[in-house]
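Got a sequence here, can you model it:
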Amino acid sequence: MEYENQTIDPTSLESWVINKCDQWRDHYEGNYKEKFDEYYRLWRGQWAAEDSMRNSERSRIISPALQQAVESAVAEVEEATFGRGKWFDIQDDIKDQQSADIMLLRNTLDEDFKFVSARKAIAECIINAAVFGTGMAEIVADEELEMTPASQPIMDGAMQAVGVMERNRTVFRIRPIMPQNFLIDPVATNIKESLGVAIDEYVPLHQVHMAQEAGIYRNDVEVSNAAVDVDLEPTQEYTLYTDDKVRLTKYYGLVPSDLFNENSDEGEDTDNNSEYVEAIIVIANGGILLKAENNPYMMKDRPVVAFPWDVVPGKFWGRGICEKGYNAQKALDTELRARIDALALTVHPMLAVDASRLPRGSKLEVRPGKAILTNGNPAEILQPFRFGNLDGNTFNQAASLQQMVQMATGAIDAAGIPGSINGDATAAGISMSLGAIIKRHKRTLINFQEAFLIPLVKKVACRYMQFDPDRYPAQDFKFVASSSLGIIAREYEVTQLVQLLQTMGQDSPMYPLLIQAIVENMNLSNREEIIASLQQATQPKPEVQQLQQQSMQVDMAQKQATVENIQAQTAEVVSRIQQNQVETELLPIDAETKRYSAVMKGMGQDPTTEEFNQRAKIAELVLKERDLETKEDIVEMQMRGQNGNEARTG
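Residues are numbered from 1 along each chain as shown. Here you go, the predicted structure:
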């Protein structure tokens with residue numbers, strides 16, 4: 001927009017910023033504005049003449065299919081982010097074993113987020129991303145007077161005075177930004193790489209005056225009401241409020257150093273070797289410079305975060321739910337409007353009339369109890385007229401188009417799962433369809449976390465460390481998002497866990513773990529209590545644990561005694577075997593000893609060698625003789641046995 005009524009120095013800092021903003025707005029209005037306005041109307045269900053597909057359309061109905069898709073997808077992301085209560089976490093250095101500082105910082109930051117209603121603001125950014133394709137938010141620093149009920153003793157403690165305590169509290173609010181109020185370098189794909197970003201919007205006049213009184217803005221300039229610009233209004237309303245508002249342009253980014261040094265509020269020149277300087281510029285009504293200062297934040301980052309619902313390669317603006325289902329929604333609206341227009345011709349009665357035979361001045365209309373005057377036979381003058389019946393295929397066509405909206409957006413309600421994602425409604429078909437839907441939601445969720453949620457938490461935490469060091473010690477922390485599964489994904493996971501639970505008995509060690517996992521995925525009011533009870537039930541009682549230890553000790557003692565007994569018996573058997581082996585080895589020696597004793601028997605006390613040899617020979621002969629006798633006896637016994645066998649055979 002050109003500011004015709006403003007007299008601006010073309011070489012000033014504000015003219016440089018406004019010139020950039022005008023170029024960026026021209027790019028936005030030429031490429032995105034009309035589409036975003038139509039997406040907004042389709043989501044709100046607001047009819048506009050330019051949205052009609054046929055010149056003959058009379059009906060203004062807008063199907064709620066796209067509205068349902070947006071709300072379902074947004075609810076899924078919100079549930080996955082905020083459904084468990086804790087939606088972010090902080091990690092410390094792995095070498096730091098003390099976790100008390102981490103817990104304190106996380107609880108303090110969570111308390112401050114609740115104080116400024118951060119969850120509500122983030123949810124609004126998610127809706128903007130689903131409708132327009134990109135969600136944006138500004139981190140606004142503010143100092144708020146906090147009042148808390150308190151009491152203190154008076155009159156030496158005899159009485160208590162009840163009142164309030166006041167203290168100034170530094171807070172950082174999250175303010176969602178509508179697309180028409182956000183300007184960015186057209187060649188940039190993200191905020192960090194851009195030359196700068198600007199927030200161009202209307203604000204109440206009293207806020208600017210109060211900021212001037214507080215010294216936030218320059219108080220040596222006069223700010224008045226701004227001219228009306230319908231392109232900056234947040235919604236398309238029928239009437240516009242034109243009083244007590246100022247057009248405020250806040251620019252975050254790089255500006256030329258020479259222009260900045262001439263208009264800086266700090267009174268110090270920046271580094272002359274740098275062509276650009278990172279600054280914050282605030283301009284009112286397109287030409288009044290209210291603020292120009294270096295980026296005051298210690299991380300030198302811009303207080304704006306944005307994320308696309310779906311990434312469009314090479315573009316900053318993303319692709320949202322409305323863009324995905326736009327064509328199917330337009331076709332569905334056209335089908336419904338054509339059907340309603342046809343109903344007006346087929347349902348309401350019409351008459352073909354011979355006008356020459358009607359009384360002069362009569363008003364012909366059809367209604368119950370109406371008397372129609374004719375000059376002659378009414379059967380010849382009046383005749384009912386019909387265009388025909390309505391085609392019944394329009395019902396099937398509308399249902400198919402509604403399914404196309406769901407197919408394009410990937411959003412579906414749990415109540416319509418069997419009939420919408422799979423006509424047969426089989427368990428396998430529903431499982432496969434739900435898997436595809438869950439993957440699309442997970443993809444969007446990861447994009448939201450990495451591009452918006454984690455940078456937002458990090459920037460807010462760093463600002464608290466800088467401006468409120470007493471509550472936030474400056475340390476290097478890593479922030480992670482603690483999101484979980486959405487409603488549809490959790491119901492799907494519960495079904496899988498229940499099926500797995502049916503395959504094992506209650507005595508299995510995995511049974512209580514699966515029960516706990518099922519309860520964690522349920523949206524119960526007392527879920528934490530049930531989980532604590534399950535964890536306590538799985539832990540053994542001290543008495544039972546002591547009895548189990550005693551039983552184990554007795555069992556071990558019995559087993560050890562049994563082993564010792566078996567070892568003793570084995571040792572005894574081994575000793576007996578060794579004794580038998582020794583005795584077996586000594587038997588020939590004993591026999592030889594007895595033979596020599598028998599030979600020596602009857603000899604004198606001093607036998608000669610010759611006498612000993614004679615006796616030995618005699619003993620050998622006796623042994624040989626006995627051996628021959630034994631062999632003869634064996635042969636004789638064998639012969640007897642053979643003769644007996646022959647006799648029996650014969």
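
quick one: the strands in the stretch 301-450 of the chain?
Per DSSP state E, counting those that start in this stretch, the stretch 301-450 of the chain carries strands over the ranges 304-308, 350-353, 382-385.

Residue 639 is nearest to which of these?
Closest approach to residue 639 among the strands of the stretch 301-450 of the chain is made by strand 304-308 (116.4 Å; Cβ to Cβ). Yep, even glycine has a C-beta here, placed from its N, CA and C like the rest.

sorry, back to before: point out the most buried one among the strands of the stretch 301-450 of the chain.
Among those, strand 304-308 has the highest mean neighbour count (mean count of other Cβ atoms under 10 Å), at a mean of 25.

among the strands of the stretch 301-450 of the chain, which is nearest residue 573?
Here strand 304-308 is closest among the strands of the stretch 301-450 of the chain (Cβ to Cβ), at 81.9 Å.

quick one: strands adjacent to that closest one?
Partners of strand 304-308 in the sheet, by DSSP bridges, are strand 134-154 (antiparallel).

and the helix or strand that comes right after the strand it pairs with, which strands flank it?
With elements assigned by DSSP states H and E, the helix or strand that comes after strand 134-154 is strand 159-177. Looking at strand 159-177 with DSSP bridges, its partner strands are strand 134-154 (antiparallel).

what does the average pLDDT come to for the strand it pairs with?
Here strand 134-154 scores 87 as its mean pLDDT.

What residues of that strand count as buried?
Within strand 134-154, the residues that count as buried by 16 or more other Cβ atoms under 10 Å are 134-139.

out of the residues you listed, which one sits closest to residue 247?
residue 138 (16.3 Å).

With adjacent residues omitted, what lies nearest to the closest one?
Spatially, and ignoring its direct neighbours in sequence, residue 138 is nearest to residue 175 (4.8 Å; Cβ to Cβ, 6 or more residues apart in numbering).

surely the one you found meets residue 140?
Yes: taking contacts as Cβ atoms under 8 Å, residue 175 lies within contact range of residue 140: 5.3 Å.

Ok, which of the strands of the stretch 301-450 of the chain comes nearest residue 585?
Across these, closest to residue 585 is strand 304-308 (Cβ to Cβ), at 95.3 Å.

ranges for the strands of the stretch 451-600 of the chain?
478-481.

Any stretches of it with poor pLDDT?
Within the stretch 451-600 of the chain, the stretches with pLDDT under 70 are 481-494, 520-528, 531, 539-541, 586-600.

need the buried residues of strand 134-154 in CSV with distance to residue 409, can you?
As requested, these are exported to CSV (distance: Cβ to Cβ, whole Å):
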residue, distance to residue 409
134, 17
135, 17
136, 21
137, 24
138, 28
139, 30
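
Please identify which of those residues is nearest to residue 242.
Lowest distance from residue 242 to the buried residues of strand 134-154 (Cβ to Cβ) belongs to residue 138, with 24.8 Å.

Does the closest one touch residue 182 like I think?
No: in this structure residue 138 lies outside contact range of residue 182 using Cβ under 8 Å: 9.0 Å.

Can you pull the residues that touch both of those two?
residue 199 (Cβ atoms under 8 Å, 6 or more residues apart in numbering).

For residue 477, see how far away residue 465 is.
Distance of residue 465 to residue 477, given as Cβ to Cβ, to the nearest Å: 9 Å.

Ok, residue 223 next?
Using Cβ to Cβ, we find residue 223 at a distance of 40 Å from residue 477.

Please apply the same query to residue 402.
Counting by Cβ to Cβ, the gap from residue 402 to residue 477 is 47 Å.

what touches both of residue 175 and residue 140?
Contacts common to residue 175 and residue 140, judged by Cβ under 8 Å, 6+ apart, are absent.

show me what contacts residue 241?
Shown in contact with residue 241 (Cβ under 8 Å, 6+ apart): no residues.

For it, give me the pLDDT.
Confidence score, pLDDT, at residue 241: 70.

before we move on, what about the one 4 residues further on?
Per-residue pLDDT puts residue 245 at 89.

Quick check: the gap between the residue nearest to it when sequence neighbours are not counted and residue 141.
Excluding the flanking residues, the one nearest residue 245 by Cβ to Cβ, 6+ apart is residue 202, at 4.6 Å. Plainly put, residue 202 is 21 Å away from residue 141 if you go by Cβ to Cβ.
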